[in-house]
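# here you go, sequence then predicted model.
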Amino acid sequence: MIKRVGNYEVLHEVVEHNGILYLSGIVADDTTLGMADQTTQALTALTRLLEENGSGTDRILQVLIFITDMKLKPEMNRAWKAFFNNPDHLPARATLGISSLEEGELIEIVTTAAVR
């Protein structure tokens with residue numbers, strides 16, 4: 001069975017299949033913030049979505065991160081390390097530099113996680 005949550009006309013925010021959650025790209029609410037704060041906001045939203053769907057940050061399997069400026073990657077990594085303060089729970093991760101996101105957005109995080 002496939003469960004779909006959060007219909008946004010062109011996507012579902014979360015799709016669950018066989019105990020795996022596939023989360024659409026998550027961005028910060030406040031795009032006036034810098035990279036570290038946008039990263040923290042996006043990770044906070046990610047945490048909420050995971051918990052609402054029977055998972056948690058310790059269940060993240062893989063993350064794809066899209067950032068608009070690779071020079072800001074150290075700022076993103078500082079926020080990432082502060083958020084994932086338990087090295088045993090770090091997911092597999094790839095960070096890709098892209099030319100643009102929506103206006104003001106510096107980061108978008110796509111996640112795959114296991115359900116508890």
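Done, it's in.

# tell me where the longest helix sits in the protein.
In the chain, assigned by DSSP state H, the helix with the most residues is helix 35-52.

# just the buried residues of that one, please?
Along helix 35-52, these residues count as buried under the neighbour rule (16 or more other C-beta atoms under 10 Å): 35-36, 38-43, 45-47, 49-50. C-beta coordinates here come from the backbone N, C-alpha and C atoms, glycine included.

# do the same with stretch 23-32
Buried residues in stretch 23-32, counting neighbours by 16+ other C-beta under 10 Å, are found at 23-28.

# mind putting those residues in JSON lines, distance to Ala92, pLDDT and secondary structure included?
Conversion of the buried residues of stretch 23-32 to JSON lines gives the following (distance: C-beta to C-beta, whole Å; pLDDT from 0 to 100; DSSP: H, G, I helix; E, B strand; the rest coil):
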{"residue": "Leu23", "distance to Ala92": "15", "pLDDT": "97", "secondary structure": "strand"}
{"residue": "Ser24", "distance to Ala92": "18", "pLDDT": "96", "secondary structure": "strand"}
{"residue": "Gly25", "distance to Ala92": "17", "pLDDT": "97", "secondary structure": "strand"}
{"residue": "Ile26", "distance to Ala92": "17", "pLDDT": "97", "secondary structure": "strand"}
{"residue": "Val27", "distance to Ala92": "21", "pLDDT": "97", "secondary structure": "coil"}
{"residue": "Ala28", "distance to Ala92": "23", "pLDDT": "98", "secondary structure": "coil"}
